[in-house]
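A.B. asks: pasting a predicted model and its sequence here:
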Amino acid sequence: MPEILIDSSEGVMTLTLNRPEKKNSFTAAMYAACADALELAKDDAALRVVVIQGHATVFSAGNDIGDFLNAPASRENAPVFRFLRGMAAFPKPLVAAVCGPAVGIGTTLLFHCDLVYAGDNAAFSMPFVNLGLCPEAGSSLLVPQMMGYHRAAEALLLGEPFMAEAALEVGLVNRIVPPTEANAVAHLQARKLAAKPINALVETKRLLKKGQLAQVLERIDEEALSFARLLQEPAAKEAFTAFMNKRHPDLSKTV
Ligand code: COA
């Protein structure tokens, strides 16, 4: 079974994260499949909206931690960066349905979506520092912009998770729904968008984001350099090894 399911109908392309046995954590192949799908949707006049969804119990546990240890993204055009730039620059509406854990990139990718519908079980977290890492996906810019500096610091320095209600309050989420309905609600909204004039949608999104895209792309690149450096340091190695061995990390002696 593919780990990204791609379905297109009624002008809506749906990307379903489908690696439930590993909590929909992203591998390089999954980033590549999503990046390719976005490129296709961008240029296909029949596709007007993209929906990203997981399952009623989990959205995504973030990057595959084994990949962080054994196959970290190093090249500028690595699939993860193609995916992130593709999300940030996607000209048509992006809609997400999020239930259960949304960890790391499972949360940060949402800052690039136009509409987000969350199950009442959604739990957002960006535990980069706890893994010896720093923010990615432009989140060091977008999280404080949306949540305010102090809430961003709780989420990014302490790595504290926050639930659907808090996400609604800061504006990351449009509506909270029962988890079994989240995907259907996202689709309903996506189909409403797909029925609107595409040129007006694209122009409106461009204007809404005007002045921000260049900054976001620059921040994604700057974060990627720091992230790649930190991935090689002892704190990250210890955090990932501990996760793989199902033990608590000992970060007290790492820098
Ligand atoms: N990378 C690789 N494997 C992962 C993973 C990840 N990011 N997240 C979960 N898995 C795997 C687990 O190792 C486990 O595999 P196993 O069955 O072979 O042992 C399986 O998915 C189920 O995970 P488990 O932790 O038992 O599920 P849970 O429901 O108790 O907890 C999470 C779910 C998402 C809270 C927890 O898995 C988690 O914290 N994952 C890591 C998140 C993370 O730090 N991501 C990186 C962000 S930068």
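C.D. replies: That came through, no problem.

A.B. asks: list the strands paired with the host helix or strand of residue 124, with their directions.
C.D. replies: Element membership of residue 124 [criterion: DSSP states H and E] is strand 123-125. When pairs are called by DSSP bridges, strand 123-125 turns out to pair with strand 101-103 (parallel), strand 162-163 (antiparallel).

A.B. asks: hey, which helix or strand in the protein has the poorest pLDDT?
C.D. replies: helix 65-70 (a mean of 93; mean pLDDT, DSSP states H and E).

A.B. asks: mind giving me the packing neighbours of that one?
C.D. replies: Here helix 65-70 touches helix 234-244, going by 3 or more C-beta pairs under 8 Å, 6 or more residues apart in numbering; DSSP states H and E. C-beta coordinates here come from the backbone N, C-alpha and C atoms, glycine included.

A.B. asks: near the ligand, which residues of the protein?
C.D. replies: For the chain, the residues in contact with the ligand (C-beta under 6 Å from any ligand atom) are 22-23, 25, 61-66, 101, 103-104, 127-128, 131.

A.B. asks: so residue 161 touches residue 123, yeah?
C.D. replies: Yes: counting by C-beta atoms under 8 Å, residue 161 does reach residue 123; the two are 5.3 Å apart.

A.B. asks: which one of these two has more residues nearby?
C.D. replies: residue 123 (21 against 17; other C-beta atoms under 10 Å).

A.B. asks: what residues are up against that one?
C.D. replies: The contact partners of residue 123, by C-beta atoms under 8 Å, 6 or more residues apart in numbering, come to 100-102, 161-164.
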